[in-house]
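A.B. asks: sequence first, then the predicted structure:
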Amino acid sequence: MNQKLSLGLSLVAGLLGGIMSYSLSPRVLRAQEQVPSPKTITAERFILTNEQGTTAGVFGLKDGKANITLFDSAGRVIWSTEVRPAPVRQ
């Protein structure tokens with residue numbers, strides 16, 4: 001009889017605990033809402049860096065004109081869109 005009583009009380013306690021936890025918990029749990037990615041990004045300059053944090057390239061404005069400059073691992077310019085005045089041929 002003692003075993004049956006313990007088993008019955010355990011079942012009742014389990015059911016009551018489940019009902020109470022369900023009724024006391026919030027109904028809707030949601031993760032943080034996802035913000036859609038912007039279609040346009042505005043900046044004066046973008047800097048491309050490698051894994052070590054060394055600048056590998058820059059896309060931005062120079063003297064009011066768009067410019068792209070790429071650097072080697074030593075920081076020397078290896079390519080640029082900067083317009084240089086052409087010498088006058090005579």
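C.D. replies: That came in fine, so what should we check first?

A.B. asks: now do the residue sitting nearest the centre point of the chain, the pLDDT please.
C.D. replies: For the chain, Ser37 is the residue whose C-alpha lies nearest the centre (CA atoms, centre = their mean; 10.2 Å). Note for Ser37: predicted pLDDT of 83.

A.B. asks: Val88 too?
C.D. replies: Val88 carries a pLDDT value of 69.

A.B. asks: residues in contact with Cys66?
C.D. replies: Slight slip there: residue 66 is Ala, not Cys. Contact analysis of Ala66 by CB atoms under 8 Å, 6 or more residues apart in numbering lists 60, 81. Using the backbone N, CA and C atoms, a C-beta is placed for each residue, glycine as well.

A.B. asks: from Thr54, how far off is it?
C.D. replies: As judged by CB to CB, to the nearest Å, Ala66 and Thr54 stand 23 Å apart.

A.B. asks: also Ala74?
C.D. replies: According to CB to CB, Ala74 and Thr54 sit 9 Å apart.

A.B. asks: same check, this time on Ala13
C.D. replies: Ala13 is 64 Å from Thr54, where distance means CB to CB.

A.B. asks: remind me which residues of the chain are low pLDDT?
C.D. replies: Low-confidence segments of the chain, defined by pLDDT under 70, are located at 1, 25-29, 83-86, 88, 90.

A.B. asks: please enumerate the helices of this structure.
C.D. replies: Assigned by DSSP state H, the helices in the chain fall at 2-24.

A.B. asks: for it, just list every one of the strands.
C.D. replies: Remark: strands assigned in the chain by DSSP state E are 45-49, 55-62, 65-71, 77-80.
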